[in-house]
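> I'd like to go over a predicted model; first the sequence, then the structure.
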Amino acid sequence: MNNSFYNDFAVRFAATTLTSLVESFNSQVGKRGFNSARAAYDQALIDELVRRGIDVSAVFDGTVISFAYHVGLDNNSLVIRK
């Protein structure tokens, strides 16, 4: 993963609202393209959610992030919205 991309995204996500983080996650649902910038974006997003105490286990197993479904926030947990 490109650390420069990751650091840029981490700073951006740290400065945004929780609602914006959820919207950022949902904007990735269904996208198939993947490169180092996307990997850095995805990891920085998950890391910021975790840093804020959000349970991301519905979409992240510690290794793989699933963007199969949109999510919402319920009691400090990401929940899948089908």
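In hand now; what should we look at? Numbers count the residues shown, from 1 in each chain.

> average model confidence for the helix or strand where Ser20 lies?
Per DSSP states H and E, Ser20 falls inside helix 18-27. On average, the pLDDT along helix 18-27 is 98.

> which helices and strands sit right next to it?
helix 36-51, strand 70-74 (3 or more Cβ pairs under 8 Å, 6 or more residues apart in numbering; DSSP states H and E). Quick note: C-beta positions are derived from backbone N, CA and C, even for glycine.

> which one of the ones you listed lies closest to Val64?
Counting by Cβ to Cβ, Val64 lies closest to helix 36-51 out of those; the figure is 10.2 Å.

> so what secondary structure elements neighbour the closest one?
Helix 36-51 packs on helix 3-14, helix 18-27, going by 3+ Cβ pairs under 8 Å, 6+ apart.

> Can you list the buried residues in the shortest one?
Taking 16 or more other Cβ atoms under 10 Å as the neighbour-count basis, helix 18-27 is seen to contain the buried residues Leu21, Val22, Ser24, Phe25.

> Which residue is the nearest non-sequential neighbour of the second one?
Take Val22 and drop its neighbours on the chain: the residue closest to it by Cβ to Cβ, 6 or more residues apart in numbering is Leu73, 5.5 Å away.

> I'd like the distance between the one you found and Ala40.
23 Å (Cβ to Cβ, to the nearest Å).

> Run a quick neighbour tally on Val79.
13 (other Cβ atoms under 10 Å).

> Surely Ser66 touches Val59?
Yes. If you go by Cβ atoms under 8 Å, Ser66 and Val59 touch, sitting 5.0 Å apart.

> And these two? Which one has more around it.
Val59 (20 against 12).
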